[in-house]
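# Okay, structure incoming, though there's no sequence with it:
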């Protein structure tokens, strides 16, 4: 890991950005890393909220599956009647 501004970045990512992605873009590495740092700082609260909500939803889904016998009889997701399907 390397420290770039207030970010800790893998050496491989830093090398890729600075030797492969940025050349020819007229964007200096310092500008890129400052912008990346600002975006990460700005979006971190929203990302944390989204991850917390995802965890809540996953727990609800897991609980439903643990307490439901809907899948036990195989009718929760009925398959279409193949005789009525026509290939085009």
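Sure, I can see it. Since the structure is predicted, the reported quantities are computational estimates derived from the model, not experimental observations.

# Which stretches in this structure count as strands?
2-4, 7-9 (DSSP state E).

# And the contacts of the first one?
Read that as strand 2-4. 8, 9, 10, 11, 14, 33 (C-beta atoms under 8 Å, 6 or more residues apart in numbering). (Each C-beta comes from the backbone N, C-alpha and C, glycine too.)

# Could you list the low-pLDDT ranges of the protein?
70-88 (pLDDT under 70).

# Quick one: the helices in it, in order.
11-16, 29-67 (DSSP state H).

# export those to JSON lines and tack on distance to residue 23 and mean neighbour count?
Listed next are the helices of the chain as JSON lines, based on distance: least, C-beta to C-beta, whole Å; neighbours: other C-beta atoms under 10 Å:
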{"stretch": "helix 11-16", "distance to residue 23": "11", "mean neighbour count": "12"}
{"stretch": "helix 29-67", "distance to residue 23": "10", "mean neighbour count": "11"}
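
# To residue 22, which of these lies closest?
Smallest distance to residue 22 across those (C-beta to C-beta): 6.0 Å, for helix 29-67.

# Format the strands of the chain as a markdown table; extra columns: distance to residue 54.
A markdown table is the format used below for those (distance: least, C-beta to C-beta, whole Å):
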| stretch | distance to residue 54 |
| --- | --- |
| strand 2-4 | 29 |
| strand 7-9 | 24 |
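
# wait, which of those strands is closest to residue 64?
strand 7-9 (39.0 Å).

# buried stuff in the closest one?
For strand 7-9, the neighbour count (16 or more other C-beta atoms under 10 Å) marks 7, 9 as buried.
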